[in-house]
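Chemist: return atomic coordinates for the entry below.
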Amino acid sequence: MKRKNAIVGQSGGPTAAINATLAGLIRAALAADGIDLLYGMQHGIEGLLEGNTVVLNTLFSDSEKINLLAQTPAAALGSCRRKLPDPHGETCVFEQLFAIFEEYEIGYFFYIGGNDSMDTIQKLSEYAEAHDIHDICFIGVPKTIDNDLVMTDHTPGYGSSAKYIATSVAEIVRDCAVYTVPAVTIVEIMGRDAGWLTASAALAGRICGQGVDYIYLPEADFSDARLFEDIEKALAVHPNVVIAVSEGLRYADGIYVGEAGQNGVFDAFGHRYLSGVGKVLEQKIRDRFGCKVRSVEINILQRCAAHLLSATDIHESLQTGANAVCAALSGESGVMICMRRKSGALYQTEFFCAPVRQIANKIRKVPAEYQNKQKNQVTEDCMDYMLPLIQGEFPLCWKNGLPVHFVLK
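Modeler: Numbering: from 1, shown residues only. Here you go, the predicted structure:
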C-alpha cells in the first residue's frame, strides 16, 4: 500500500513566522487528496525518536486555530538542535527513524528550519537513496531570522525580525537624542556569520529620518582602532552616537570580539553560543573616551516579537508551507522551498525547489556591494533589498489588550 501519511517538525531557533509556515503547511495538507493523516513531531527529530508525536488533523479541525497559529511566535510543536550523524557511517539512528516512518506509514516528511535543519533533510535523503527507499519525500521548509540560506532571495522570519529591529533602533535613536551630554549607545543584534539582521538597523534612518551612525557586520574584519576613529568623528558632529553591531563580530585573527565574555559552550552543530559583544565594546569605549556608554542587547525579542509582524513575511510564510505540500505531492524530494523576486518595479515573488545538497551547511553573507567602502554602513541598494520585506501590518487577534497565542496542550 502506498504510504499517504505525512509528518512535520520544527527545528533550530524559533521565529515570529515559523508557525505561519506551519499553518500554511497544515492547511494545505488537510485539504490535499494525497495525504491522509498529518503528524507533528514534538521537539523535532529528537522528539520523534522518543515517540512524541501529535495528530494535527484532529488538533486543527477548526480553521480558526490555524489562523491563531499563524500569528503565534516561537515553535508551537517545540524545537531541538539534534545533529544526525553521517548517513554513510553510523546508521543506527537512521534505522530507528525509518522504522518509525514505516510504523506511521509516512510518505511525506517536512522539516521547517534553517541551515542545520537542511543538513537533516540532506542526510535523510542520502540515507533513503543509499538504501533504495523511494516512497518517502523529504522536503526542507526554510525559516531563519538570520536570512543566511543560499539559493533563496530571503527566508521566512527575516522580514518580521528586520521590522522589529528597525522599529526598536528608531525608538532607541529618538530616546538618545534628548540629551546634550556626550554618550555612545551600542545596539547588539543577532547574527553569527551573516549580518542581514544588523543591516536592517539602517532602515530606521531611511524611514524615520535619523538612524544609527555606524553599522558593523561580521562580513568585515573588526578593528577597535577604526571603531574609535569612527566614534571620534561622530562625536565631533553631535553628542549622541548610536551604533549597531552583530553579535558575531570578529577581529582579523578570527577571534570573536565578544569572546572574552563567553563561557565556551557550543551547540550540537558546533556553533558557539554568542552574546556579550555589546558589553565588551561598552567597556572599551568607556576606557577610551571617558563618556557615558551603554549597550542594548535586543536578544530573543528580535525573533519572538509577533506584535509587530510584517504582513509580507507572514503571507510568504503561509505560501511557503503550502508550496512545500505541493512539492511533496508532485514527487519532489531532497529539496528546499525557495523564493525568487520577479523582475519589475512591483515587489512579487515566486516559489521553486532547489536541491538541499546545494544549500545545507553553506552561508549566504551580506555581499560586498551592500556595504560601504569603510565597512561601517550599508548601502542604499541594501536598504532597497530589505524594504519590501517589512511591509504591511498583519491583523492580529487581541484579547483584553494582548495578542492571543495558540498553545499546544
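
Chemist: hey, let's count contacts and neighbours off CA atoms from now on
Modeler: Fine.

Chemist: state the phi and psi torsions of the closest residue to Phe222 other than its chain neighbours.
Modeler: Leaving aside its chain neighbours, Phe222 sits nearest to Tyr251 (4.8 Å; criterion: Cα to Cα, 6 or more residues apart in numbering). Here is the backbone geometry of Tyr251 (degrees, to the nearest 10): phi -80, psi 170.

Chemist: from what I see, Tyr251 and Gly258 are in contact.
Modeler: No: at 10.1 Å, Tyr251 does not count as touching Gly258 under the criterion of Cα atoms under 8 Å.

Chemist: neighbour count for those two, which is higher?
Modeler: Gly258 (19 against 14; other Cα atoms under 10 Å).

Chemist: residue contacts, the nearest residue to the more buried one once chain neighbours are set aside?
Modeler: Once flanking residues are discounted, Gly258 sits nearest to Val277: 3.9 Å by Cα to Cα, 6+ apart. Each residue near Val277 by Cα atoms under 8 Å, 6 or more residues apart in numbering is listed here: 188, 245, 247-249, 257-259, 261.

Chemist: got it, and Phe94?
Modeler: Contacts of Phe94 were listed using Cα under 8 Å, 6+ apart, and they are 87, 124, 127.

Chemist: report the separation between the first one and Ala130.
Modeler: Meaning Pro87. 9 Å (Cα to Cα, to the nearest Å).

Chemist: settle it for me: which of those two has more neighbours?
Modeler: More crowded of Pro87 and Ala130, by other Cα under 10 Å: Pro87, with 19 against 11.

Chemist: setting aside sequence neighbours, what's the nearest residue to the more buried one?
Modeler: Leaving aside its chain neighbours, Pro87 sits nearest to Tyr127 (5.4 Å; criterion: Cα to Cα, 6+ apart).

Chemist: helix, strand or coil: sort out the one you found for me.
Modeler: helix (DSSP: H, G, I helix; E, B strand; the rest coil).

Chemist: count the residues that sit near the closest residue to Met190 other than its chain neighbours.
Modeler: In space, and not counting its chain neighbours, Met190 is closest to Glu247: 5.4 Å by Cα to Cα, 6+ apart. Glu247 sits with 31 neighbouring residues when counted by other Cα under 10 Å.

Chemist: contact partners for Glu247?
Modeler: Going by Cα under 8 Å, 6+ apart, Glu247 touches 188-192, 258, 274-278.

Chemist: hmm, 6 Å instead?
Modeler: 189-191, 275, 277 (Cα atoms under 6 Å, 6 or more residues apart in numbering).

Chemist: how about Val237?
Modeler: No residues are in contact with Val237 under the rule Cα under 6 Å, 6+ apart.

Chemist: next up, identify which helix or strand it is on.
Modeler: Assigned by DSSP states H and E, Val237 falls within no helix or strand.

Chemist: lowest pLDDT pick from the contacts of Glu247?
Modeler: Across the set of the contacts of Glu247, Ser275 stands lowest in pLDDT, at 66.

Chemist: for Leu149, see how far away Thr155 is.
Modeler: Thr155 is 7 Å from Leu149, by Cα to Cα.

Chemist: now do Tyr111
Modeler: In terms of Cα to Cα, Tyr111 sits 15 Å off from Leu149.

Chemist: and for Ile106?
Modeler: For Ile106, the distance to Leu149 (Cα to Cα) stands at 27 Å.

Chemist: Leu402 now?
Modeler: Per Cα to Cα, Leu402 is found 33 Å from Leu149.

Chemist: neighbour count winner among the two?
Modeler: Leu149 (24 against 10).

Chemist: ok, now which ones touch the more buried one?
Modeler: Per Cα under 6 Å, 6+ apart, neighbours of Leu149: Arg364.

Chemist: repeat the analysis, applying 10 Å as the threshold.
Modeler: Contacts of Leu149 were listed using Cα atoms under 10 Å, 6 or more residues apart in numbering, and they are 114-115, 118, 142-143, 155, 194, 338, 359-365.

Chemist: so which of the residues you listed is surrounded by the most neighbours?
Modeler: Most surrounded of those: other Cα under 10 Å gives Lys143, at 33 neighbours.

Chemist: ranges for the helices of the stretch 251-400 of the chain?
Modeler: 277-289, 301-304, 311-329, 380-386 (DSSP state H, counting those that start in this stretch).

Chemist: actually, the stretch 51-200 of the chain.
Modeler: With helices called from DSSP H, counting those that start in this stretch, the stretch 51-200 of the chain shows them at 56-59, 63-70, 92-104, 115-130, 158-176, 196-199.
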